[in-house]
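Enquirer: Mind looking at a prediction? Sequence and model below.
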Amino acid sequence: MGITKKPKSFNYFLNLMKLLLFISCLFFTISKSEVITVGGENRWTDGFGYASWADKLNFTVGDVLVFSYTKGSHNVLDVTRAAYQSCDNSSGVNAKYETGDDHIELNEAKSYWFICTVDSHCRLGMRFGINVSAPVTTSVNQTGDSSSRSNINAGFYLLLVGIMSMLIFIV
Ligand SMILES: [Cu+2]
């Protein structure tokens with residue numbers, strides 16, 4: 001008789017909160033932008049098939065590609081599809097990187113093509129194209145300066161929407 005029990009609905013509410021927390025964590029894991037080293041352990045070098053390397057991965061706006069190589073031995077050109085196909089960089093170059101530790105943020109949902117123009121490296125396989133997809137939460141404004149911040153906002157909105165819908169459900 002003397003034992004006070006929490007109302008059943010309160011426990012139910014707690015369980016729902018836990019579930020929501022779990023879903024939010026899951027969401028953060030999925031939408032977090034990634035830093036991807038091109039070529040993995042092979043880094044950016046000749047004699048490695050980058051096209052098949054890239055085919056196995058998914059790229060999302062906000063991800064960062066890291067091209068790691070000995071400065072002077074290679075370079076990285078962000079080019080058009082035509083320049084990628086021909087390995088001819090006399091036109092169609094969007095950007096050139098040559099520090100040996102080039103971090104390129106994929107800030108648009110579009111196709112990107114990268115080539116190395118040292119010697120005949122491009123023809124020998126130092127080139128690949130990728131399709132960068134928009135983040136899962138397309139309703140969030142992506143024109144901001146930091147896409148990771150947008151992802152955090154997206155997580156926050158999800159949390160708010162979750163809490164709101166739960167309140168409606170309980171009341
Ligand atoms: Cu090269």
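Expert: Arrived safely, thanks for sending.
Enquirer: For residue 75, give me its contacts.
Expert: Counting by C-beta atoms under 8 Å, 6 or more residues apart in numbering, residue 75 touches 96-98, 116-118. The C-beta positions use only the backbone N, C-alpha and C, and glycine is treated the same way.
Enquirer: again, only this time at 10 Å
Expert: 44, 67, 69, 89, 96-100, 102, 115-118, 121, 126 (C-beta atoms under 10 Å, 6 or more residues apart in numbering).
Enquirer: For the closest residue in space to it that isn't next to it in sequence, grab phi and psi.
Expert: The shortest distance from residue 75 to any non-neighbouring residue, by C-beta to C-beta, 6 or more residues apart in numbering, is to residue 98 (4.3 Å). Phi and psi for residue 98, reported as degrees, to the nearest 10, are phi -150, psi 30.
Enquirer: Which parts of the chain belong to which domain?
Expert: For the chain, the domain assignment from automatic domain parsing gives the residue ranges 1-31+138-171, 33-134.
Enquirer: Pick out the shakiest of those, pLDDT-wise.
Expert: Here the lowest mean pLDDT among these goes to domain 1-31+138-171, at a mean of 61.
Enquirer: for the protein, longest strand please?
Expert: Longest strand of the chain, by residue count under DSSP state E: strand 127-133.
Enquirer: which parts of it are buried?
Expert: By neighbour count on 16 or more other C-beta atoms under 10 Å, the buried set for strand 127-133 is 127-130, 132.
Enquirer: Quick check: of the residues you listed, which lies closest to residue 54?
Expert: Nearest to residue 54 out of these is residue 128 (C-beta to C-beta; 4.2 Å).
Enquirer: what's the distance between the closest one and the ion?
Expert: Separation of residue 128 from the ion (C-beta to the ion, to the nearest Å) stands at 13 Å.
Enquirer: Could I get the contacting residues of that residue?
Expert: 38-39, 49-55, 84, 112-115.
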